Each structure stands twice: as structure tokens, then as C-alpha cells.
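In: Provide a 3D model corresponding to the input given below.
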Amino acid sequence: MRLGPAFTRLWAASIASNVADGVGRTAVPLIATTLTRDPLLISAVTAIAFVPWLVFGLPAGMLIDRVDRRVAMAGANGLRVLMALVVALAITTGTLTIWLLYGCILVWGIGETVFDTATNAVLPATVTDSRAGDNRLEKANGRIQGAQLVVDTFIGTPIAGVLFAAAIALPVWSTAGGFAVSAALVLLLPVSVARAAGSPVVGQHRGAARLLHDARESLSFLAHHRLLRGLLVLTTVSGGMLAFGQASEFLFFLDTMAVQPALLGFVMAAIGAGALTGALTASHLVARWGRGRVMLGATLLAGVTLAVVGLSPNLPFAIAAYAVSALCISVWNVPWSTLRQQLIPAVMLGRTIGFMRSVTWGAIPVATIAGGFAARVDLRLPFMIGGSGVVIAVLIASRLLLSIDAANVDSVEQSSGEVSPRRMGRATARRAR
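Out: Residues are numbered from 1 along each chain as shown. As a prediction, the model looks like this:
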């Protein structure tokens, strides 16, 4: 099924960005372990990366709905290039501290907030003939996520471990290069995806009053959409429990499972194989079983297998359990992304997704720090607590998840930026989980 040249360009830019992400996501925690072995301080590396979502998620979305999204994406990755260069130079000169690393990660996260939100907002406009009842959008989300996992997990992550073993600064220099390439590629996207349909042109509706109106409009939409509101609560709770469980995953493999730093990237790549499988098969599972059943089953199994990681007697068992958990999380992500893109009007897609990510990802720093405290007791404990929490959350929310298919959300008229009142009425009338 052909998705169009605009999607291909976005796909290429996403691949370049995720090569850099894969290297950085593995290299930065490894760099942190050379500065401290305290599980709490190591978990703070992940926590700080998500803080910008709590503060800047909604403002970033409002920005994306009002400016040229291509320029916003290029600027965001340009900021990440700058922060990578600061870390690389600090390592080279011997001046890097854990606090400087935290500061760079924080600014790095601001760039990620803008780039990732813009990618989600741009994607529907890049899919050729995305009609109601057509699953092109689901396939596009699956391909984006699949490609991200391939380059992130099987290219970026293993390379990071090897480069780190050769020289600590090498993976950071590589990260800067990847983000620079991505920044150049997004500028090649067509003008048609630059702004949301119906968004104000530059120079109109200036001032704080307009910004407050945009924010209220987006929040009001979510407040009155019972299905999205319920799913937002579930995603926040389950995502927080997953973050709790994964807070000290690097130390778990390095210390408990005795993995050498140079091989850690390959361990994460093996786990990523599960995530890739989930991303590539999600649309087929949804077509066969429906979104609600697939999301329910995937989240339930993700929690169970995450808890099993903490009980693993050896490294192969831990990798296998973690890979299944990653597979299930990927299966959830594809229909969840598609639901948001279909149910939220295009004119407010950026700011609404931004707010939703502020809520869901804003909870991650708190959960990660809490997981770091638990890891001080035992590095296995966060996995067991986090996985159990996910299972409890999804069982409570099972009725809402099963209502997704009955809501008939495929009929949202996303391409015009309008939501069919009849279909929206059906969706919002469903009882929240």
C-alpha cells in the first residue's frame, strides 16, 4: 500500500533522528555510570529527560499548530546537536560532571518535545488518500515506529556500546551528526504539511489572549471526550508504572546480570527485536481482532512480562521476558497513536497531543525517581512492582478498552480537520473506563 512521497521524506527524517536517539539513549546512561554508581542518580538521567514534557508539552504543541512545522522540527534537532556538542567537548576536556550532564539532558529533552510532537502532528497530512475506513494511517504509524526501532535498536544502540568502549566521547559526536542530518531532511517536506488546515497564518491572533484561547479549546475538547480522557488516564498510570520498572535497567544488566558495557547495546538490541515485531504486526492484529481487544491484551501481557524480568534466574530469561514486554508496548503504541490522530481535529492536533504527552510523560520523572529508590533496595524490585502496577491498571480499565471498537472511531474525518458530530457523539457517549 503506497503512502506517498511526503510520508517517505518524513520517514527518512525520522530514521536519521532515531539513529542519533539510539546512540544517545545508550551512551548517556553509560557515561553517567562513569560519574556515579548510585542507582538514584542514574535513574535521574532518564527522569530529567522527561521533565520538559511536563513543562513544555502544551506550549510546544501550541507552537506547532501556529508555525511552519518543518522549521520547528529542524530547530528542535538543531538544539539537540548543540547539547550533544557540549557534552562531547566536556568529556574531551575532562570537565564533565553529573550536574552538567543533567543540564544538557534537560535542554535536549526540550528539543525532543518539539520534534516528536511535530512528527505526530505532521504524519496524517503526509499519508496519501487517508480516507475514513482505510487503515493507511495505522500502517503509517506502524512503519514509522518499526523504522525507528530498527535504526534505534539494531543500529544506534549496538554502535553506542562499541563506540563507548573505544572512547567515551565517540557516541556523543555520532549523536550530534545524526540530529544534524535529520534537521536538514525535515526541511525537504512539502509546504502542504507546514501548518495544520485551518490554523492561523503568521501575524494573526497574536497575544496571550489567543494563546489562552487555544489552550482552553484543546483542554475543553479533551474534557468532553470521554474515550480519549479515559485512555489518557490509563496511559498515564500504566506509563508511570513502566517507567518505575525500567528506572535502573542499565544497572540491572550491568551489575545483577554481569553484562559488560561494550555488550550492553547488543542486549538492548535483542530486547528491541521484540519491540520491532510488535510495531510491524500491530496493524495486522488490529485488523483481525479490533483495537480495543488488542490494546487490552497487549497492555496486560506487557505488565506480566515486565514483572517476570525481575524474577529472572539468568540473562537469557531476562532478555526474553523483556523482549515480550517491549513487543506488547509497541503493539499498544500503534493503535493509540492512530486513535489520537483520528479523533483529534487537525487544527488542534499539535497542542492536544502536546498536552496529552505533558500528562503522560510528565508522570515519568516522578515514577522513575521512585523506581530509583526501590532499586537501592534491590535492582530486581522495580520490575516486579512496576509490572504488577500495569496489570492492576489495565484490569480496572478493561471495560473502557473493550468499548473502543464499539465507538467506531475509524469514521473521524481527519483529513479536513473536522470531526463528524454524529461519530463524535457516539465516541463520547461511551462510558469511560
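In: for the rest of this, base every contact and every neighbour count on C-alpha atoms.
Out: Fine.
In: can you read off the pLDDT for residue 421?
Out: The confidence metric pLDDT takes the value 28 at residue 421.
In: check which residues of stretch 285-298 are buried.
Out: 285, 286, 290, 291, 292, 293, 294, 295, 296, 297, 298 (16 or more other Cα atoms under 10 Å).
In: please identify the buried residues of the helix or strand containing residue 19?
Out: Applying DSSP states H and E as the criterion places residue 19 in helix 5-33. Using 16+ other Cα under 10 Å as the test for burial, helix 5-33 gives 6-33.
In: over to stretch 370-386?
Out: For stretch 370-386, by 16+ other Cα under 10 Å, it's 370-375, 379-386.
In: chain center to it: distance?
Out: For stretch 370-386, the separation from the chain centroid amounts to 22 Å (computed by Cα atoms, centre = their mean, to the nearest Å).
In: now swap in stretch 298-308 and tell me
Out: For stretch 298-308, the distance to the chain centre is 18 Å (Cα atoms, centre = their mean).
In: what's the mean pLDDT across that stretch?
Out: 95.
In: that older thread, among the buried residues of stretch 370-386, which lie within helices?
Out: 370, 371, 372, 373, 374, 375, 381, 382, 383, 384, 385, 386 (DSSP state H).
In: and the residue nearest to the first one when sequence neighbours are not counted, what are its phi and psi?
Out: If I follow you right, that is residue 370. In this structure, residue 370 finds its nearest non-sequential neighbour in residue 244, 6.5 Å apart by Cα to Cα, 6 or more residues apart in numbering. Main-chain torsions, residue 244, degrees, to the nearest 10: phi -60, psi -50.
In: check whether residue 244 really touches residue 367, as I assumed.
Out: Yes: contact criterion Cα atoms under 8 Å: residue 244 and residue 367 qualify, at 4.9 Å.
In: more neighbours: those two, which one.
Out: residue 244 (31 against 23; other Cα atoms under 10 Å).
In: check contacts around residue 257.
Out: Residues near residue 257 by Cα atoms under 8 Å, 6 or more residues apart in numbering: 314, 315.
In: CA atoms only: put stretch 180-192 into CSV for me.
Out: Extracted C-alpha coordinates of stretch 180-192, given in CSV (Å, rounded to 0.1, in the frame of the first residue of the first chain):
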residue,chain,number,x,y,z
ALA,A,180,22.1,17.4,12.1
VAL,A,181,21.2,15.2,9.2
SER,A,182,17.6,14.9,10.4
ALA,A,183,17.3,18.7,10.8
ALA,A,184,18.3,19.1,7.1
LEU,A,185,15.9,16.3,5.9
VAL,A,186,12.7,17.8,7.6
LEU,A,187,13.2,21.0,5.6
LEU,A,188,12.6,18.9,2.4
LEU,A,189,9.0,18.1,3.5
PRO,A,190,6.3,19.7,1.2
VAL,A,191,4.7,23.0,2.0
SER,A,192,1.4,21.3,2.4
